[in-house]
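> prediction below, plus the sequence it came from.
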Amino acid sequence: MGPSRFLLKFPDARAEAAYRASRIPYRLHNTRLTAAVVACMWSAFGILDLVILPEQTPSALAVRGVGVVLAVVIVAMTYMRMPGPWIQPWAFAFLALNICLVFGLKLTIPPEADPQFRTLPLFMLVASAAFVVTGVSFVEGVAAAALSCLGYALVAGIFKPEPPKVFSYEFPFLLWSATIAAISAYMLERTARLSFVQQQALSRAEGEIRRLLYNVLPPSIAARKEAGEVTIADSYEDITVLFADIVGFTAKADAMSSEAVVGLLNELFTRFDRIVAKHRLEKIKTIGDCYMVAASVPDTRPNHAREIAAVALALRAEASRVRFPDGSPVQVKIGVASGPVTAGIIGDTKFLFDVWGDTVNTASRLEMSAAGGEILLTEATRSALTPEFVCEGPLVFDLKGKGATSAWRLMARVDVKDAPAAE
């Protein structure tokens, strides 16, 4: 939501606080620069007065001295204090005090120096417009401009009256100049606030894109993609891959509505996602009713075979808790293989982190050869398991494209003390 039309404030307090915080570096830098310039100006005019106006009163010199000290203090504070909200009231106070010092100077100069001080409206113009430079808010700027006009009216009209012709010329000039400065400041601040709104919207959009990127890709791969790496392709010497497929799904799906099919797959795979996330493994993708998981890719894990075996048992148990519309439990068959793979990113617009190689093909073929509720492992996977995983075999399967292949059937996981002795 944008700022209000007149006061230029965001209705939401958090948005207003965020905007003010975003302006702190700008105000800190500009206030420091303005204070340094003001210190030089007060000093330079003080020296000129001593040369050109030797009749200058001690009070007038004291006013200039106060101006120099005040400006030096502000500059020092911008270096010594940590940047923070304090700069906002201090910048406004510095501006208001300098306006008052200009009035004080007008009141303290001797009468014979008055002709040299006819540039008071110019001083006031600079003072009233200075809030644009220091970056105070539009409301604070209007207050400073009003203080300039009021102060000049009091000084030149009452305390140290100017000739009527001079006052009637200078005061409208000051009033009109302050109005122009206020309008300019209004436009500048409104533009800055609208730019802040757009920047916030852009940041939220970028954050959402980043969140989606990290949801689609493994964190380490997403970080490389975010860093600008175009082609991501890596070789892994030893990982474990799992394929899980729903038994008889095609026949069951023919008798189900589209909503029921999607609802069942969503429920089952959401449960699977929780199990995989709990074990901190990597879900690669789903293909129809097939679910693919990998361990030790892209981040190396020394116990990847055991972790996948534990996940396989958990997926089988979890699937039985999901029911088809006819009341029958869902049953899965699983194939697991360990070995080398190639992994990387596919696509320019719809990213997909995928793995390829004989290990992947073997796991897929074992899943196809498994019976309902069966978990088949390659010899390499079985060899990497600890005794707590009970296996049957070896079994021999004629896998498509590979021929006779030795495999083991994962039965259960037991306590170590109850586990059979390793062969």
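Great, that's in hand.

> can we go C-alpha only for contacts and neighbour counts from here?
Fine.

> tell me which helix or strand the most centrally placed residue in the chain sits in.
What sits nearest the mean C-alpha location of the chain, by C-alpha atoms, centre = their mean, is Gly207, with 5.6 Å. Here Gly207, judged by DSSP states H and E, is contained in helix 164-216.

> and Ala404, by the same measure?
Counting by DSSP H and E, Ala404 is part of strand 403-413.

> show me what that strand pairs with in its sheet, parallel or antiparallel.
If you go by DSSP bridges, strand 403-413 pairs up with strand 375-378 (antiparallel), strand 389-399 (antiparallel).

> list the contacts of the last one.
In this structure, residues lying in contact with strand 389-399 by C-alpha atoms under 8 Å, 6 or more residues apart in numbering are 309, 362, 365-366, 369, 382, 403-414, 419-420.

> do the same with the first one
For strand 375-378, the external contacting residues (C-alpha under 8 Å, 6+ apart) are 312, 333-338, 363, 366-367, 370, 406-411.

> helix or strand right after that strand?
helix 379-383.

> domains of this structure: list them as residue ranges, please.
Using automatic domain parsing, the domains assigned to the chain come out as 13-210, 230-418.

> so how far is the longest one off the chain centroid?
Yep, that's domain 13-210 we're talking about. 35 Å (C-alpha atoms, centre = their mean, to the nearest Å).

> what of the last one?
Averaging C-alpha coordinates over domain 230-418 and over its chain gives two centres that are 35 Å apart (C-alpha atoms, centre = their mean).

> for the stretch 201-350 of the chain, which spans come out with low pLDDT?
Within the stretch 201-350 of the chain, no stretch has pLDDT under 70.

> tell me where it has helices.
219-226, 249-254, 258-278, 304-319 (DSSP state H, counting those that start in this stretch).

> now those helices in JSON lines, with distance to Val241?
Output for the helices of the stretch 201-350 of the chain, formatted as JSON lines (distance: least, C-alpha to C-alpha, whole Å):
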{"stretch": "helix 219-226", "distance to Val241": "18"}
{"stretch": "helix 249-254", "distance to Val241": "22"}
{"stretch": "helix 258-278", "distance to Val241": "13"}
{"stretch": "helix 304-319", "distance to Val241": "8"}
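
> kindly present these as TSV, with separate columns for distance to Ala192 and mean neighbour count.
Below are those laid out as TSV (distance: least, C-alpha to C-alpha, whole Å; neighbours: other C-alpha atoms under 10 Å):
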stretch	distance to Ala192	mean neighbour count
helix 219-226	29	16
helix 249-254	57	12
helix 258-278	44	15
helix 304-319	54	21
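
> Thr342: which of those helices is closest?
helix 219-226 (13.9 Å; C-alpha to C-alpha).

> start to end distance for stretch 154-161?
9 Å (C-alpha to C-alpha, to the nearest Å).

> any idea which helix or strand comes after the host helix or strand of Met77?
According to DSSP H and E, Met77 maps onto helix 58-80. Per DSSP H and E, the first helix or strand lying C-terminal to helix 58-80 is helix 87-108.

> and the angle for that following helix with helix 58-80?
Here helix 87-108 points in a direction 170 degrees away from that of helix 58-80 (axes from the mean of the first three to the mean of the last three C-alpha atoms, to 10 degrees).

> can you name every helix or strand that helix 87-108 contacts?
Under the contact definition 3 or more C-alpha pairs under 8 Å, 6 or more residues apart in numbering; DSSP states H and E, helix 87-108 sits against helix 13-52, helix 58-80, helix 120-134, helix 138-154.

> closest to Ile221 out of these?
helix 13-52 (32.0 Å).

> list the buried ones in that closest one?
15-16, 19-20, 23-24, 27-36, 38-40, 42-43, 46, 49 (16 or more other C-alpha atoms under 10 Å).

> how about stretch 156-165?
Quick answer for stretch 156-165 (16+ other C-alpha under 10 Å): 156-157, 162.

> just those residues now: which is nearest Ala76?
The closest of the buried residues of stretch 156-165 to Ala76 turns out to be Ala156 (C-alpha to C-alpha; 34.4 Å).

> give the contact list for that closest one.
Contacts of Ala156 by C-alpha under 8 Å, 6+ apart are 162, 167.

> hang on, it is in a helix, isn't it?
Yes. When DSSP: H, G, I helix; E, B strand; the rest coil is applied, Ala156 is found to be in a helix.

> relative to Leu377, how far out is it?
98 Å.

> equivalent analysis for Val197, please.
From Val197 to Leu377 the distance is 56 Å (C-alpha to C-alpha).

> what of Asn361?
13 Å.

> again, but for Gln200
For Gln200 relative to Leu377 (C-alpha to C-alpha), the value is 51 Å.

> okay, these two: which has more neighbours?
Leu377 (32 against 15; other C-alpha atoms under 10 Å).

> show me what that one is bridged to.
Val336, Trp408.

> wait, what's in contact with Pro340?
With C-alpha under 8 Å, 6+ apart, Pro340 has these contacts: 235-239, 357-359.

> for PyMOL, what selects the buried ones among the residues you listed?
To isolate the buried subset of the contacts of Pro340 in PyMOL, counting by 16+ other C-alpha under 10 Å, use the following:
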select buried, resi 236+238+239+359
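
> tell me which of the contacts of Pro340 fall in strands.
Judged by DSSP state E, the contacts of Pro340 include 235-239 as members of strands.

> would you list those residues in a markdown table and tack on distance to Gly65?
Conversion of the ones in strands among the contacts of Pro340 to a markdown table gives the following (distance: C-alpha to C-alpha, whole Å):
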| residue | distance to Gly65 |
| --- | --- |
| Ser235 | 73 |
| Tyr236 | 74 |
| Glu237 | 77 |
| Asp238 | 78 |
| Ile239 | 77 |
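
> farthest pair within these?
Every pair of the ones in strands among the contacts of Pro340 checked by C-alpha to C-alpha; the farthest is Ser235 and Ile239, at 10.3 Å.

> anything in contact with each of the two?
340-341.

> quick one on the thing from earlier: among the helices and strands packed on helix 87-108, which comes closest to Thr108?
helix 58-80 (5.1 Å).

> ok and that closest one relative to helix 13-52, angle-wise?
Using the same axes, to 10 degrees: helix 58-80 against helix 13-52 is 140 degrees.

> residues in contact with helix 58-80?
Taking C-alpha under 8 Å, 6+ apart as the rule, helix 58-80 contacts 28-29, 31-33, 35-36, 38-40, 42-43, 46, 87, 94, 98, 101, 104-105, 108-109.

> the closest residue to Ala39 other than its chain neighbours - how many residues pack around it?
Nearest residue to Ala39 in three dimensions, chain neighbours excluded: Val68, at 4.6 Å (C-alpha to C-alpha, 6 or more residues apart in numbering). By other C-alpha under 10 Å, 21 other residues sit near Val68.
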